[in-house]
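Asker: 3D, please:
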Amino acid sequence: MDDFGDLETLNDGLDDHEDFEDLDELDGLEDDYIPVAAEPVAEEPVAEKVEPVYFGVEDFVTDYLAANINRKLSTKPGKGLMWDAYWWRHDEVVARLTALWFAWEEAYANTDDAAAVSAWWIQHCEPHMRVLFDGETGPMSGALSDGTWMGHGPLRSVPAPAGILPEEPWRFEEIEPVFSGVEQFVNGYFARVVNRNLSPAAGRGLIWDARWWRYREVVTRLTTLWHAWENARASEDGSAMSAWWIHHADPHLRILLDGDTGPMSGSSSDGTWRDHGALPSIQAPTGHFASPT
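Answerer: Below you'll find the predicted structure:
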């Protein structure tokens, strides 16, 4: 049975022995059967755990960042570049520098890309430092050399009246959110870590309304910002939170805090100002958007 004989005969034999009780007719098959070596099963590569160079944000700032950044700093609050030696007092500074440290560790560990750390300086460090060094409105813009200045403090947030915020179910099944809604995100994280020099008068500088939930654009932007934060938090990418600050938080904040034309630019401390209102939109004539023939 070099070629396994007559396959029809063999199949008939197997059919007659459904319970495999009598296997006499199959004797000898093993003499002609040449086993084929099974292909080895490829094992998933196990990612080697890389130990961090620095074991805390303070070590990173002291031993690397502060040692390697040499700028002309202003001696007077409110102008030029400002840096507070007591940087750890300011929540936004700590949050940004922690994210910057994580991104640095990932870049430094990337031995496949010799340009990774250079890209870290350009794509992560410089955007963060533009905000941190901002001597006019940044989180350390009021710093004094004697260490007596304690910071701008968090953004104020008045509890939203029941039912004023839209209730939207969490749509991202692969992510278990930390916060249950946008108000929880604003009160539990965003308002606490954003520390800026706000203007006391509407129409100039940076403006924030503690009744932020009054403004449709503000609620919409902060909701998307919350979703992006949850995504960054759950990511295994070490640079994800740094990217969240740079590519999401900062662009949104430029609009939200704009005291000249932003959605909260007319707000008053007593809460009497409502909002700018929606953009006017007149219905287009019938057929205006019809596809050209």
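Asker: From here on, just use CA atoms for contacts and neighbour counts.
Answerer: Fine.
Asker: ok, so what distance separates residue 84 from residue 141?
Answerer: Look at residue 84 and residue 141: by CA to CA, to the nearest Å, they are 8 Å apart.
Asker: higher neighbour count, these two?
Answerer: residue 141 (28 against 23; other CA atoms under 10 Å).
Asker: Go ahead and confirm that one touches residue 197.
Answerer: Yes - Residue 141 lies in contact with residue 197 (CA atoms under 8 Å); the separation is 7.2 Å.
Asker: who's in contact with residue 198?
Answerer: 137, 205, 206, 207, 208 (CA atoms under 8 Å, 6 or more residues apart in numbering).
Asker: could you redo the last one with a cut-off of 10 Å?
Answerer: By CA atoms under 10 Å, 6 or more residues apart in numbering, the contact set of residue 198 is 136, 137, 138, 152, 155, 204, 205, 206, 207, 208, 257, 259.
Asker: per-residue pLDDT, the fourth one?
Answerer: What the model reports as pLDDT for residue 152 is 96.
Asker: I figured residue 256 was touching residue 216, is that so?
Answerer: No - using CA atoms under 10 Å, residue 256 makes no contact with residue 216, being 11.5 Å away.
Asker: Looking at these two, which has the bigger crowd around it?
Answerer: Shown here are residue 256 and residue 216; by other CA under 10 Å, residue 256 has more neighbours (23 against 15).
Asker: Let me know the pLDDT of the closest residue to the more buried one other than its chain neighbours.
Answerer: With CA to CA, 6 or more residues apart in numbering as the criterion, residue 256 has its nearest non-adjacent residue at 5.8 Å, and that residue is residue 262. Listed pLDDT for residue 262 reads 97.
Asker: Surely residue 262 touches residue 207?
Answerer: Yes - assessed by CA under 10 Å, residue 262 is found in contact with residue 207 at 8.3 Å.
Asker: what do those two both touch?
Answerer: residue 256.
Asker: When the two are compared, which one has more neighbours?
Answerer: More neighbours surround residue 207 than the other of residue 262 and residue 207, with 26 against 20 (other CA under 10 Å).
Asker: residues touching that one, list them.
Answerer: Contacts for residue 207 (CA under 10 Å, 6+ apart) come out as 196-201, 256-260, 262-268.
Asker: again with residue 99
Answerer: Taking CA under 10 Å, 6+ apart, one finds 57, 93, 124, 128, 238, 239, 240, 241, 242, 243, 244, 245 in contact with residue 99.
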